[in-house]
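Undergrad: My questions are about this predicted structure, shown below with the sequence.
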Amino acid sequence: RWGLTHCTVSSRLSHMPSASATARPEPWGAVLALGITQITAWGSIYYLFPLVMEPLQAALGASKSAVVGAFTGALLLSGVLAPVVGRVIDRRGGRALMAAGSLLAALSLAALGQVTTLAQLYVVWALLGVAMAGTLYEPAFAVLTRAFVTNHRRAIAVLTLFGGFASTVFWPLGQVLINAFGWREAAMIFGGINLLVCV
């Protein structure tokens, strides 16, 4: 009888999380790092478009709807790719994927500063759509859900607050850069910021 009870207790204990597992510190430093990159990615990719929309129309001789269409296509492509990105992160983690997305964002923003035709604009914004799928909230949330044991909801809430500062920082910064250097140079500078901060 004692042996049966002993085996039952041992079996239950073997299925309980170990003290080292439950005591593992949560990676809040990752939230800070991702928060900085979220501010940068949202600010330099998403919030750049309203600032350069009118200069793009003038430079390309295109209608407003045609220029906005390129940005809309990028958002749609980002949404379509989100589940694929999530599955990759579940299998392999997010470090390499998000770094690659940031590198693509940097190169695409530099290319945005070089566009001379509407077709080129659509190609560049398609690439930026892919970059958004690999850098914005969705992949970052997937990374935190994978990294945190118990506090992933709180970590996601904190990261969302970080992202809210993107427009506060990058809208005036973008306007200053456009006024000082022009929209093409501003786009390329934003690409450089992605390269230095996010990659």
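TA: Nice, thanks for sending it over.
Undergrad: just so I have it, where are all the helices in this structure?
TA: 2-15, 19-22, 28-41, 48-60, 64-92, 95-112, 118-135, 137-147, 152-163, 166-181, 183-193 (DSSP state H).
Undergrad: Of the ones you listed, which is nearest Val199?
TA: Closest to Val199 of the helices of the chain, according to Cβ to Cβ: helix 95-112, at 4.6 Å. C-beta here means a position set from N, CA and C on the backbone, and glycine is covered the same way.
Undergrad: What is the closest one packed up against?
TA: helix 28-41, helix 64-92, helix 118-135, helix 137-147, helix 183-193 (3 or more Cβ pairs under 8 Å, 6 or more residues apart in numbering; DSSP states H and E).
Undergrad: Low-confidence bits of the chain, can you list those?
TA: Across the chain, the ranges flagged by pLDDT under 70 are 1-24.
Undergrad: 90 instead?
TA: Regions of the chain meeting the criterion pLDDT under 90 cover residues 1-30, 86, 90, 92-95, 145-152.
Undergrad: Now for Pro83, how many residues are close by?
TA: Residues lying near Pro83 (other Cβ atoms under 10 Å) number 11.
Undergrad: meant to ask about Ala82, not that
TA: 18.
Undergrad: tell me the contacts of the nearest residue in space to it that is not next to it in sequence?
TA: Here the nearest residue to Ala82 in space, its sequence neighbours aside, is Glu138; by Cβ to Cβ, 6 or more residues apart in numbering that works out to 4.7 Å. Contacts for Glu138 were tallied using Cβ atoms under 8 Å, 6 or more residues apart in numbering; they are Ala82, Val85, Gly86.
Undergrad: any chance of these in CSV, plus distance to Ala131?
TA: Shown next, in CSV, are the contacts of Glu138 (distance: Cβ to Cβ, whole Å):
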residue, distance to Ala131
Ala82, 13
Val85, 11
Gly86, 16
